[in-house]
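*Asks:* Fold the stuff below for me.
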Amino acid sequence: MIIESTAPTRVDLAGGTIDIWPLYLFHKGATTVNFAISLYARCRIEELADERVILESRDRNVQFETHLSEIENLVHEERLELISKLVHFFKPTRGFHLIASAESPAGAGLGGSSALAIACIGALNRFVGDVYDERKFITIAANVETTVIRVPAGFQDYLAALHGGANCFHFRTEGIAREKLDVDAAELERRIRICYTGEPRLSGTNNWEITKKHIDGDRELFALFDDIRDSSLRMREALAASDWKEVGETMRAAHPKRKRLAPKVTTPHMDKLIEKALANGAEAAKVCGAGGGGCIAFLCAEGQATKVEEALRAEEGVEMLDWKFAPEGLQVRELQS
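*Replies:* I've put the predicted structure just below:
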């Protein structure tokens, strides 16, 4: 038996950080708007004829071997920690070789580790006989990854990886609801450019600092979170109406407020890249994920995307990412060995 799975990463346009439990419970109407992109996390599981368990990450160039009888020990394994903990959770009873890979750069702020978690969960769940309904995947992913990063995890990355497409996720007391947004995918691809800064982001640190301040009742932070919610609702309306002027204005208004969330949301290098892009045809910038490095998404003026790209490529360490809109989320298929 061979099982292959893929899950997309995402670009968050508005509402980031408010997707962390329990922060969204204090801001009625909390939403996050994002869209999935074709930089995929992949998982391949090949059944073995013996009881070996081989875990491998192609992009990290790490591989190690254990045995079915040692699966309980994987909960403490630090090599490929996320994958090890997921295998420990599912507890397969047949030997296998799991190969994981990611197309997004390390620390890109595009939800790569969350997409990998969803891809591995989809493959492992199929391998053990579809024990869990797909609706449980988000909870499993968030709970397991929280034990890896050791801070509360936001939900939007898992949701985008599971569903794909463009979305507005509504965070409510009774649970999280997905609203699929009907967007012009071709226009997204024409207008948005994604730049990897060359600096891996530090989302765990930023999010934990913000969470602590929020729980401590920081009034300024509460007001900023209300602004994040309002920006997200505004972005939802703009995307649904294909109002790109409003999309740009919403992004521009949100950027300085997001920088006030934590001192390391942007670095001097990121500020320089944003300034240069804005001077060469970009209308607005959105730091992806929690910031502190990683990627920046730029909304470009009509016909100016190439000029923006050329200006950014001239900067040392910068990589312009090649991506397409990803309408589908998690895909799992079973092959004959």
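*Asks:* need the contact list for the residue lying closest to Phe35 once chain neighbours are set aside.
*Replies:* Nearest non-adjacent residue to Phe35, counting by Cβ to Cβ, 6 or more residues apart in numbering: Ala166, 4.0 Å away. Yep, even glycine has a C-beta here, placed from its N, CA and C like the rest. Applying Cβ atoms under 8 Å, 6 or more residues apart in numbering to Ala166 gives the contacts Val33, Asn34, Phe35, Ala36, Lys180, Leu181, Asp182, Val183, Ala185, Leu188, Leu239, Phe325.
*Asks:* Give me the buried subset of those residues.
*Replies:* Buried by 16 or more other Cβ atoms under 10 Å: Val33, Asn34, Phe35, Ala36, Leu181, Val183, Leu188, Leu239, Phe325, out of the contacts of Ala166.
*Asks:* and the residues you listed, which of them are in strands?
*Replies:* The strands in this structure, assigned by DSSP state E, contain Val33, Asn34, Phe35, Ala36, Leu181 from the buried ones among the contacts of Ala166.
*Asks:* doesn't Gln331 make contact with Leu162?
*Replies:* No: look at Leu162 against Gln331 with Cβ atoms under 8 Å: they stay out of range, at 10.6 Å.
*Asks:* so what's in contact with these two at the same time?
*Replies:* Jointly contacting Leu162 and Gln331 under the rule Cβ under 8 Å, 6+ apart are Ala7.
*Asks:* more neighbours, those two?
*Replies:* Regarding Leu162 and Gln331, a neighbour count based on other Cβ atoms under 10 Å identifies Leu162 as having more, with 23 against 14.
*Asks:* From Trp21, how far off is that one?
*Replies:* As judged by Cβ to Cβ, to the nearest Å, Leu162 and Trp21 stand 17 Å apart.
*Asks:* How many neighbouring residues does Leu23 have?
*Replies:* Using other Cβ under 10 Å, Leu23 has 23 neighbouring residues.
*Asks:* Show the contacting residues for it.
*Replies:* Shown in contact with Leu23 (Cβ under 8 Å, 6+ apart): Thr17, Ala30, Thr211, His214, Phe225.
*Asks:* pLDDT score for Thr205?
*Replies:* For Thr205, the model assigns a pLDDT of 54.
*Asks:* And the average pLDDT for stretch 74-81 is what?
*Replies:* On average, stretch 74-81 scores 95.
*Asks:* re the thing from before, Throw the contacts of Ala166 into CSV and include pLDDT and distance to His255, thanks.
*Replies:* Shown next, in CSV, are these (pLDDT from 0 to 100; distance: Cβ to Cβ, whole Å):
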residue, pLDDT, distance to His255
Val33, 97, 15
Asn34, 97, 16
Phe35, 98, 18
Ala36, 98, 22
Lys180, 97, 26
Leu181, 96, 21
Asp182, 94, 26
Val183, 94, 21
Ala185, 95, 24
Leu188, 95, 19
Leu239, 93, 17
Phe325, 98, 23
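*Asks:* Of those residues, which is the nearest to Gly95?
*Replies:* Gly95 has its nearest neighbour among these in Ala36, at 33.3 Å by Cβ to Cβ.
*Asks:* So the closest one is in contact with Tyr158, correct?
*Replies:* No: using Cβ under 8 Å, Ala36 is not in contact with Tyr158; the gap is 11.7 Å.
*Asks:* related to what we said a few turns ago, run through the bridge partners of the residue nearest to Phe35.
*Replies:* Residues in a beta bridge with Ala166, per DSSP bridges, are Phe35, Leu181.
*Asks:* again with the one 4 residues further on
*Replies:* Taking DSSP bridges, one obtains Thr31, Ala177 as the residues bridged to His170.
*Asks:* Quick check: it touching Ala177?
*Replies:* Yes: between His170 and Ala177 there is a contact under Cβ under 8 Å: 4.5 Å.
*Asks:* Give me the more crowded residue out of the two.
*Replies:* More crowded of His170 and Ala177, by other Cβ under 10 Å: His170, with 19 against 11.
*Asks:* and the more buried one, what does it touch?
*Replies:* Gly29, Ala30, Thr31, Ile176, Ala177, Arg178, Glu179.
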